[in-house]
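Engineer: What follows is a predicted structure for the sequence shown.
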Amino acid sequence: MANIDRRLPENVSGDFFVDSSCIDCDTCRQIAPATFRDHGGQSSVHRQPVTEQETRLALMALISCPTASIGTGRRHDARQAVAAFPSRIGENVFFCGFTSESSYGAWSYLIVRPDSEGGNVLVDSPRFAASLVRRIRQLGGVRTMFLSHRDDVADHAKFAREFGCLRVMHAADGAARLGAERVIEGEEEVRLDRDLLAIPTPGHTRGHMVLLYKNRFLFTGDHLAWSPERRRLYAFRDACWYSWTEQTRSMARLLDYSFEWILPGHGWRWHAPSAAVMRKELERCIDWMRA
Ligand code: SF4
């Protein structure tokens with residue numbers, strides 16, 4: 001629960017506020033940019049929500065905050081905001097909300113598919129929140145859980161127990177230690193089923209992988225994201241725990257694939273107008289990394 005006594009002075013006055021426990025994960029700013037902003041190292045409310053839609057988005061941010069740093073002065077019925085997750089991003093791909101502090105607020109996603117197409121896929125782990133678990137069950141549960149790398153695994157074991165899903169992870173990021181049922185090794189791509197391709201992308205961590213779905217959606221973990229300020233694709237140099245050289249090399253290997261969406265754990269997602277535009281942006285990102 002956010003603590004009113006620790007309300008940050010950067011908040012504008014009014015109902016919604018952020019307290020000093022904010023870890024600057026960016027989740028609230030992406031969900032409700034009309035309400036939350038980055039004032040330098042933390043988030044705060046720059047404008048109180050006015051419309052019903054703005055209030056709903058601010059409540060969705062409140063629910064998704066990994067550290068429960070967002071509070072309100074008055075009581076709200078958050079049921080609608082809770083029920084909004086998983087929230088559709090495009091086609092049958094959903095954002096799970098309910099981020100976890102142990103993953104530093106990383107975003108996780110759900111691909112909803114009929115059993116005949118391989119069943120649902122959870123990409124990285126959200127918080128194991130009862131309402132989210134219930135909703136995922138209503139959407140068909142989880143058949144496969146893809147863990148991009150060791151930092152964003154959060155409540156993976158609880159989800160695996162709840163849904164009996166198969167966890168896919170790379171050996172070099174401790175897959176065996178974490179109990180993953182399918183362990184990927186080496187740097188070759190691995191086809192998980194007709195529409196899913198696991199691609200090792202060492203760099204951020206030694207065993208980082210991205211997941212390509214239908215040659216359209218690329219789930220990028222902490223490998224690649226969109227920067228709204230720079231208006232381009234980028235990678236986190238300051239949060240590269242293994243090797244920037246390797247990460248640059250892994251990035252260049254992505255030129256072998258076609259996709260239009262990038263869906264990261266941290267940073268902003270991006271839907272390019274076409275695969276050709278995405279490729280061009282990826283080339284620009286690689287040039288920047290090499291420089
Ligand atoms: S979601 Fe929570 S922790 Fe993340 S930036 Fe917003 S207030 Fe801070």
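Structural biologist: It's in.
Engineer: can you pull out the helices in the protein?
Structural biologist: 27-31, 52-64, 79-83, 130-138, 156-163, 175-178, 244-253, 275-290 (DSSP state H).
Engineer: Can you say which of these is nearest to residue 94?
Structural biologist: Between residue 94 and the helices of the chain, the tightest spacing by Cβ to Cβ is seen for helix 130-138, at 9.2 Å. Using the backbone N, CA and C atoms, a C-beta is placed for each residue, glycine as well.
Engineer: picking up where we left off before, so which of the helices of the chain comes closest to the ligand?
Structural biologist: Among the helices of the chain, the nearest to the ligand by Cβ to the nearest ligand atom is helix 27-31 (3.3 Å).
Engineer: what's next to the closest one, contact-wise?
Structural biologist: The contact list for helix 27-31 (Cβ atoms under 8 Å, 6 or more residues apart in numbering) reads 18, 35-38, 43, 57, 60-62, 64-66, 70, 97, 99, 105, 107, 268.
Engineer: got it, and stretch 127-140?
Structural biologist: When contacts are taken as Cβ under 8 Å, 6+ apart, the neighbours of stretch 127-140 outside the stretch itself are 66, 82-83, 85-86, 94, 96-100, 110, 112-115, 119-120, 122, 126, 142, 154-155, 158-159, 162-163.
Engineer: Kindly identify which of the residues you listed also come near the ligand.
Structural biologist: Restricting the contacts of stretch 127-140 to those touching the ligand (Cβ under 6 Å from any ligand atom) yields residue 66.
Engineer: Deepest-packed of the helices of the chain, please.
Structural biologist: Between these, helix 27-31 has the highest mean count of neighbours, a mean of 23, where neighbours are mean count of other Cβ atoms under 10 Å.
Engineer: follow-up on the earlier one: filter the contacts of stretch 127-140 down to the buried ones and hand me the ChimeraX line.
Structural biologist: What follows is the ChimeraX syntax for the buried subset of the contacts of stretch 127-140, where burial is set by 16 or more other Cβ atoms under 10 Å:
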select :66,82,85,86,94,96,97,98,99,100,110,112,113,119,120,122,126,142,154,155,159,163
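Engineer: Tell me which residue of the stretch 101-250 of the chain lies closest to the ligand.
Structural biologist: Distances between the stretch 101-250 of the chain and the ligand by Cβ to the nearest ligand atom are smallest at residue 105, namely 5.0 Å.
Engineer: Equivalent analysis for the stretch 151-291 of the chain, please.
Structural biologist: residue 266 (10.7 Å).
Engineer: Now do the same contact list for that residue.
Structural biologist: Residue 266 makes contacts with 25-26, 104-107, 222, 225, 236, 239, as judged by Cβ under 8 Å, 6+ apart.
Engineer: For ChimeraX, write the selection for the buried entries among those residues.
Structural biologist: With 16+ other Cβ under 10 Å as the burial test, the buried ones among the contacts of residue 266 are selected in ChimeraX as follows:
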select :25,26,104,105,106,107,222,225,236
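Engineer: Can you lay out the contacts of residue 266 as CSV showing pLDDT?
Structural biologist: Supplementary listing: the contacts of residue 266 in CSV, determined by pLDDT from 0 to 100:
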residue, pLDDT
25, 96
26, 96
104, 95
105, 96
106, 97
107, 98
222, 97
225, 98
236, 96
239, 94
